[in-house]
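**Q** This is a predicted model, with the sequence first.
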Amino acid sequence: MHERAAAARGATSPLEPPPNLRTRSGALISNISEAEAITFTSALVTKSALAREFCGCEVFQRIVHDILNVPDVRLFHDQAVYKKPCPGRTFPFHQDNGYTFIEPLQYLTCWVALSDTDEENGCPWFIPELHRRGPLDHDFDEANSGWTISGVRDDDAVCVPLKAGSMACFWSLTPHMTGANETVDTVRKAYIVQFAPDGWNIQIWDKRGAGGRGVALGNTGPSPVDEARQYHVLRGGEGVGPPPLGPRL
């Protein structure tokens, strides 16, 4: 896995987005990336054959087979997250469902360290057992430019340092955050790879519904799948490799 992670690091770095992305009309794109603090580069599997092979490799096939326990699993989302030196700038406690709610709820996040990460440069932290409460209310944290769980208590949060090539796997309902990069010249690099059972349904999510627990609005059945990006890694309980990378348009 260490060699695969090194290859993924080489594939993700050239694709990091430039600062101040704009639409064709010239409007500034607003998102949670900040060029001098933290950047998110999504859908790398549509741009890099190495990233594509990495996300569909046998390591992830075995993980989703054992943890998700369903016969058909697809890549749901992938993104590289680069955290630059920026004292005090955390990415606050959240559930991945707080950003993208889907049914079934049990989609899996694999947080892969592309560089050594520790408490000093922004490793992940997790709050144990709180996932049992289901989706939680999130508010936008203006100071840290990210959604965060309202009124969360982090007294028992666990710090999880990782060596390059290691990963932390957790449910989409697991509250987690990454600390500030307090170093002077080290960029903390991670690749976030998420998997979900085939047939998921992305729904509009009312973050304040059900007394702050959140509630899904409407149910339209299985959502359309982008076959080029959200390919099978498990079909009929067997691992399958990714389809070839098509031409970029």
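**A** Perfect, thanks for sending it. Numbers count the residues shown, from 1 in each chain.
**Q** For residue 125, give me its contacts.
**A** By CB atoms under 8 Å, 6 or more residues apart in numbering, residue 125 lies in contact with 93, 154, 157, 158, 159, 160, 176, 177, 178, 179. C-betas here are computed from N, CA, C, even on glycine.
**Q** The same query, at a cut-off of 6 Å, please.
**A** Contact analysis of residue 125 by CB atoms under 6 Å, 6 or more residues apart in numbering lists 157, 159, 177.
**Q** Not counting sequence-adjacent ones, nearest residue to the last one?
**A** Meaning residue 177. Among residues not flanking residue 177 along the chain, residue 93 sits closest, at 4.3 Å (CB to CB, 6 or more residues apart in numbering).
**Q** need the helix or strand of the chain with the lowest average pLDDT.
**A** Least confident helix or strand of the chain, by mean pLDDT, DSSP states H and E, is strand 204-206 with a mean of 62.
**Q** helix/strand/coil for the closest residue to residue 43 other than its chain neighbours?
**A** Closest residue to residue 43 apart from its sequence neighbours, by CB to CB, 6+ apart: residue 229 at 5.5 Å. Classification of residue 229 using DSSP: H, G, I helix; E, B strand; the rest coil returns coil.
**Q** Can you get me a residue count around residue 229?
**A** Using other CB atoms under 10 Å, the number of residues around residue 229 comes to 18.
**Q** returning to that earlier point: of the contacts of residue 125, which belong to strands?
**A** 159, 177 (DSSP state E).
**Q** For the contacts of residue 125, which single residue is the most surrounded?
**A** That'd be residue 177 among the contacts of residue 125, by other CB under 10 Å, with 21 neighbours.
**Q** what's the distance between the residue nearest the centre of the chain and residue 165?
**A** Residue closest to the mean C-alpha point of the chain, counted by CA atoms, centre = their mean, is residue 192 at 4.2 Å. Shown here: residue 192 relative to residue 165, a distance of 15 Å by CB to CB, to the nearest Å.
**Q** cool, and residue 74?
**A** 24 Å.
**Q** So between these two, which is more surrounded?
**A** Neighbours were counted for residue 74 and for residue 165 using other CB under 10 Å; residue 74 has more, 23 against 18.
**Q** Would you tell me what the next helix or strand after the one helix or strand residue 10 maps to is?
**A** Assigned by DSSP states H and E, residue 10 belongs to helix 2-12. Next in sequence after helix 2-12, counting helices and strands by DSSP H and E, comes strand 38-42.
**Q** From the contact counts, what lies against that next one?
**A** Contacts defined by 3 or more CB pairs under 6 Å, 6 or more residues apart in numbering; DSSP states H and E place strand 38-42 against strand 73-83.
**Q** which neighbours does the strand it packs on have in its sheet, and in what orientation?
**A** Pairing partners of strand 73-83, with direction, according to DSSP bridges: strand 38-42 (antiparallel), strand 188-197 (antiparallel), strand 232-235 (antiparallel).
**Q** contacts for stretch 169-176?
**A** With contact meaning CB under 6 Å, 6+ apart, stretch 169-176 is reached by 93, 95-97, 107, 109-110, 124, 126-127, 130-131, 149.
**Q** sorry, that was for stretch 58-71
**A** Identification of contacts with stretch 58-71 by CB under 6 Å, 6+ apart yields 1, 73, 108, 195, 197, 233, 234, 236, 237, 239.
**Q** Of all the residues in it, which ones are buried?
**A** Across stretch 58-71, burial judged by 16 or more other CB atoms under 10 Å covers 60, 61, 63, 64, 65, 67, 68, 70.
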